[in-house]
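Participant: Based on what follows, work out the 3D shape:
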Amino acid sequence: MTEEKQLLADNAEFLEVGIHIGTKAKSPGMKQFIYKIREDGLYLLNLETINERISTAAKMLARYESKDIVVTASRIYAISAASKFAEITGAKFMPGRVMPGVFTNSNRGDYTEPEILLVSDSRNERQAIREASKTSIPVVALSDTDNWIKFVDMIIPCNNKGRRSLALVYFLLAREFMKEKGLIKSNEEFAYKISDFEAKVEMKAK
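Facilitator: Purely as a prediction, here's the structure:
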């Protein structure tokens, strides 16, 4: 495991929000990120890799102008976290389903031309990924153990369904993005808390 001082957050904080807890299913492309299987059948993701990928994704996103970044989210927990990320970084936020042609048909009223796409769920938002692939837009995606990852250029393996997990992922992405852009120099200068990225409504299990 990476030394704690090199982690973007405390090791205990990663564990507490369940950022590494996957599902009971795994897709072929996500197998490489799985650390082990828990007694209850849930797959666990490698924390060191999660940490590394968040850092690398932030660096990748920071190469682009904020206005040229599109962030998508389809689930309620992801919408709260991703919209806060977009607000802080200046990226364009697209909640809900991305309709066919949004990135490819210039005759559409809602046509947009991103230079990079960040998706919150590579399974639920695969339409957005397909759209991006048609025009060679690079894709960064939060992906759980059971997720579809075709056409994804940079995978951030993580629990992309949990309220607190998503809040932490987007908090770290926003903070590291701002540091890479030179807008802040240290973690202490980042004027936001993880709770700012958290959905205020908790979904009840059915």
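
Participant: any idea how far the residue nearest to residue 24 when sequence neighbours are not counted lies from residue 26?
Facilitator: Take residue 24 and drop its neighbours on the chain: the residue closest to it by Cβ to Cβ, 6 or more residues apart in numbering is residue 41, 4.6 Å away. All C-beta atoms are positioned from the backbone trio N, CA, C, and that covers glycine. Noted for residue 41: a distance of 11 Å to residue 26, by Cβ to Cβ, to the nearest Å.

Participant: and if you look at residue 129?
Facilitator: According to Cβ to Cβ, residue 129 stands 19 Å off from residue 26.

Participant: Which residue of these two possesses the greater neighbour count?
Facilitator: With neighbours defined as other Cβ atoms under 10 Å, residue 129 and residue 26 compare such that residue 129 has more, 23 against 17.

Participant: Isn't the more buried one up against residue 151?
Facilitator: Yes - contact between residue 129 and residue 151 holds when scored by Cβ atoms under 8 Å: they sit 5.0 Å apart.

Participant: Just the strands from the protein, written as ranges.
Facilitator: 34-37, 43-45, 69-73, 92-95, 116-119, 139-143, 154-157 (DSSP state E).

Participant: low-confidence ranges in this protein?
Facilitator: Within the chain, the stretches falling below the threshold (pLDDT under 70) are 1-5, 202-206.

Participant: No further queries at this time; thank you.
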